[in-house]
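**Student:** here are the coordinates; sequence isn't available:
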């Protein structure tokens, strides 16, 4: 049940400690209006991970959805790149 008009973004998982929730760091580059320098801006987004399949360091795609809780209005669509397990 995906909506073709909803926003999809890709970012890196920085926390997966909570149950069914991941924190995704999304970075974008913007040009300063006066000095023309390229700056990195970032946002932390809480996303819904139904089966707790993500781990810290994974690169994931998330999609905007109706509010799930006070801070969550994004859900996990897919894992683009998994981090290798060290243990």
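**Tutor:** It's in. If you're wondering where the values come from, they're calculated on a predicted model, not measured in any experiment.
**Student:** Quickly list what the residue nearest in space to the middle of the chain is bridged to.
**Tutor:** Nearest residue to the geometric centre of the chain (CA atoms, centre = their mean): residue 24, 3.5 Å. On the basis of DSSP bridges, residue 24 is bridged to residue 13, residue 45.
**Student:** How confident is the prediction for it, by pLDDT?
**Tutor:** On the pLDDT scale, residue 24 is placed at 98.
**Student:** From residue 33, how far off is it?
**Tutor:** 28 Å (CB to CB, to the nearest Å). (Glycine included, C-beta is placed from N, CA and C.)
**Student:** ditto for residue 14
**Tutor:** Distance of residue 14 to residue 33, given as CB to CB: 29 Å.
**Student:** between the two, who's got more neighbours?
**Tutor:** For residue 14 versus residue 33, neighbours defined as other CB atoms under 10 Å are more numerous around residue 14 (13 against 6).
**Student:** Let me know whether that one touches residue 24 as I believe.
**Tutor:** Yes: in this structure residue 14 lies within contact range of residue 24 using CB atoms under 8 Å: 7.2 Å.
**Student:** Mutual contacts of these two, please.
**Tutor:** Counting by CB atoms under 8 Å, 6 or more residues apart in numbering, the shared contacts of residue 14 and residue 24 are residue 44.
**Student:** my read: residue 37 touches residue 31, true?
**Tutor:** Yes: counting by CB under 8 Å, residue 37 touches residue 31, with 7.3 Å between them.
**Student:** Which secondary structure state does residue 57 sit in?
**Tutor:** At residue 57 the chain is in coil, as set by DSSP: H, G, I helix; E, B strand; the rest coil.
**Student:** Next: residue 67.
**Tutor:** Residue 67 ends up coil, using three-state DSSP.
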